[in-house]
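Q: What follows is a predicted protein model with its sequence.
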Amino acid sequence: MNRDVVISGGGPVGLMLACELRLAGVDVLVVERLPEPDQTIKAGSVNLTTGEAFYRRGLLPAMDAVVERNSAQIRKFLESRGGGGPKTVPVGHFAGIMVASDGVDFGDPAFRDVGPAARVVVIQQQDVEAILAERATELGVEIRRGVELTGFDADDDGVSVHLDDRETVRAGWLVGADGGRSFVRKQAGFEFPGTDPAITGRQALTELTGADVLPAGWQHGPGGLYVHGPTPGRVLTVEFDGPPADRDAPVTAQEIEDSFRRVSGADVRVTQLHSATRFTDNARQASTYRRGRVLLAGDAAHVHSPFGGQGLNLGIGDAVNLGWKLAATVHGWAPEGLLDTYTTERHPIGEWVLEWTRAQVALMRSDVRTRALRRVVDDLLHTGDGATYLAKKLSGVLHRYPIEGEHDLTGRAAPDFAFADGSRLGEHLHNGKALLLDLADHAGLRETANGWAGRVGVLTMKCDSEPALTGVLVRPDGHIAWAREGGSVAGLEAALHRWFGAPA
Ligand SMILES: Cc1cc2nc3c(=O)[nH]c(=O)nc-3n(C[C@H](O)[C@H](O)[C@H](O)COP(=O)(O)OP(=O)(O)OC[C@H]3O[C@@H](n4cnc5c(N)ncnc54)[C@H](O)[C@@H]3O)c2cc1C
């Protein structure tokens, strides 16, 4: 083999996966057909789960400066606008119904021990990609830009990957992180069932005139929905007259201006277009994320409208779930079936996101009945319970993998436990390894883990948990594989076997 893994696509998901694999000692090549990073305006924020993924790998300091810059821009823009926009930091929106964070009960047990990751919210996709690309390079990942994957032949032992129709690389595994129109997905014959598009959305970063009269935030206009903000010149429109006739045609300033005029009814002029994209509500998901030695991650595995801002989060979640499992498979210690748990764990979350976005499109329509329903949902989301429900859904704190185990924490993302020495759990996960927390100074627990040294680190710490935990086994992706209270370590050995193979 020339390479352990080839990743097609150097977008955020391909880059995050490459970092995870390289951290685990895997030889990885990323091929990206664009010679320079894509500057098209896309995601403008990430959720708590994604923030945690970055935090656990030590990327928080790199993100802080960018987040601060973006937050300052948003505050300034909101202060300059009239009514309609949120007056406090929004927790997010559902179908354009903005919900402020001050209505949310952050004392809810689902938000237990949320650490500093919560501060990574307002960050542009381009900034995420730049930080991940720098990190990948630091770790020794080879990223070949301006190189396209043009074909591949997969067999039982590996994949021959053809690049630019003139070079072949032999790899153990191929991952398609090549976006919604994934060549890898189509070529490998993955099924991609779902629902057809019915709307056209447009998002652009512009210089414009005539928009000062428009309130900030999501607005219903005569011809659809629009948003002006949260940063100057950022415009989003949604029209319900079917998908675009030609999805590949370049988006022009005239198209954005026409659409903005139709939906807002205002006399706006787009004087300059910095970046623009079109999107639809095409909602599809691969029925499995693995076919033999070919895997899918991110938009390649699932597409949907961007409402509610979940796509990037979903893809980063795929990458951190797949990374350590594929690394274990490459290194030869993966227990039976480990790689297939990638689909079993991630597919249901993708399915939820598709449903979440479909529900929003349904509620955005402007007919009389939908408007009436929208008012009801608006009322509900502005109750304490409604706001807390939305915050829990959007943040990802409710995502739980189907992992066997008696303790209620099993399968959940680990709380960012605060330890007696002042450190927090996330600071101990930078090396990308699993971690067994010994919270009761338990010799038996440490002894049990001896056979897995090298794959599972052990950390003896004191932590004020209620009820008192004996130990917690945290997988490299931050999810809990085992937890126990009251001095018992029953089930620990089975969990170590289940996730980290036979003892060395
Ligand atoms: C308008 C809009 C707003 C959005 N807002 C949000 C938001 O607020 N929050 C959120 O979480 N998500 C949001 N998203 C979704 C988010 O942008 C995507 O989910 C995310 O980009 C997926 O990342 P990815 O790496 O899977 O795919 P991509 O970002 O599409 O990257 C795939 C890469 O693969 C490369 N590639 C493709 N084919 C080949 C090939 N054959 N060979 C080599 N390279 C190839 C492409 O050039 C590309 O760089 C939004 C999307 C849009 C369009």
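A: Now that the structure is in, tell me what you want to look at.
Q: Toward the C-terminus, what is the element adjacent to the longest helix anywhere in the chain?
A: Using DSSP state H, we find that the single longest helix of the chain is helix 341-364. Next in sequence after helix 341-364, counting helices and strands by DSSP states H and E, comes helix 368-381.
Q: by contact count, what packs against that following helix?
A: In terms of contacts (3 or more C-beta pairs under 8 Å, 6 or more residues apart in numbering; DSSP states H and E), helix 368-381 is packed against strand 97-100, helix 341-364, helix 384-395. For every residue, glycine as well, the C-beta is placed using N, CA and C.
Q: quick one, the second one and helix 384-395 angle?
A: Regarding helix 341-364 and helix 384-395, their directions subtend 130 degrees when assessed with axes from the mean of the first three to the mean of the last three C-alpha atoms, to 10 degrees.
Q: which parts of helix 341-364 are buried?
A: By 16 or more other C-beta atoms under 10 Å, the buried positions in helix 341-364 come out as 341-343, 345-347, 349-350, 353-354, 356-358, 360-361, 363-364.
Q: For this protein, what lies in contact range of the ligand?
A: Neighbours of the ligand within the chain, by C-beta under 6 Å from any ligand atom: 8-14, 31-34, 38, 42-45, 125, 148-149, 177-179, 183, 203, 277, 279, 298-299, 306, 309-313, 315.
Q: now the helices: where do they sit in the stretch 201-350 of the chain?
A: Here the stretch 201-350 of the chain has its helices, by DSSP state H, counting those that start in this stretch, at 253-264, 311-331, 341-364.
Q: Using a markdown table, lay out the helices and strands packed on helix 368-381 together with mean pLDDT.
A: Below are the helices and strands packed on helix 368-381 laid out as a markdown table (pLDDT from 0 to 100):
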| stretch | mean pLDDT |
| --- | --- |
| strand 97-100 | 90 |
| helix 341-364 | 97 |
| helix 384-395 | 96 |
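Q: Report the secondary structure state of the nearest residue to T344 once chain neighbours are set aside.
A: Sequence neighbours aside, P402 is the residue nearest to T344 in space, at 6.6 Å (criterion: C-beta to C-beta, 6 or more residues apart in numbering). Here P402 takes the coil state, with states given by DSSP: H, G, I helix; E, B strand; the rest coil.
Q: I'd guessed P402 sits against T410; true?
A: No: with contact defined as C-beta atoms under 8 Å, P402 does not count as touching T410 (9.7 Å).
Q: quick one, which of those two is more surrounded?
A: Neighbour count, other C-beta atoms under 10 Å: between P402 and T410, T410 has more, with 22 against 10.
Q: the helices in the stretch 401-504 of the chain, which residues?
A: Under DSSP H, counting those that start in this stretch, the stretch 401-504 of the chain gives helices at 443-449, 492-500.
Q: now these in a markdown table, with distance to F260 and mean neighbour count?
A: A markdown table is the format used below for the helices of the stretch 401-504 of the chain (distance: least, C-beta to C-beta, whole Å; neighbours: other C-beta atoms under 10 Å):
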| stretch | distance to F260 | mean neighbour count |
| --- | --- | --- |
| helix 443-449 | 59 | 16 |
| helix 492-500 | 51 | 20 |
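Q: that older thread, quick one, the longest helix of the chain and helix 492-500 angle?
A: On the basis of the same axes, to 10 degrees, helix 341-364 is oriented at 80 degrees to helix 492-500.
Q: Save the helices of the stretch 401-504 of the chain as TSV, and put in mean pLDDT too.
A: Listed next are the helices of the stretch 401-504 of the chain as TSV, based on pLDDT from 0 to 100:
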stretch	mean pLDDT
helix 443-449	96
helix 492-500	98
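Q: Out of those helices, which is closest to R369?
A: R369 lies closest to helix 492-500 among the helices of the stretch 401-504 of the chain, at 49.3 Å (C-beta to C-beta).
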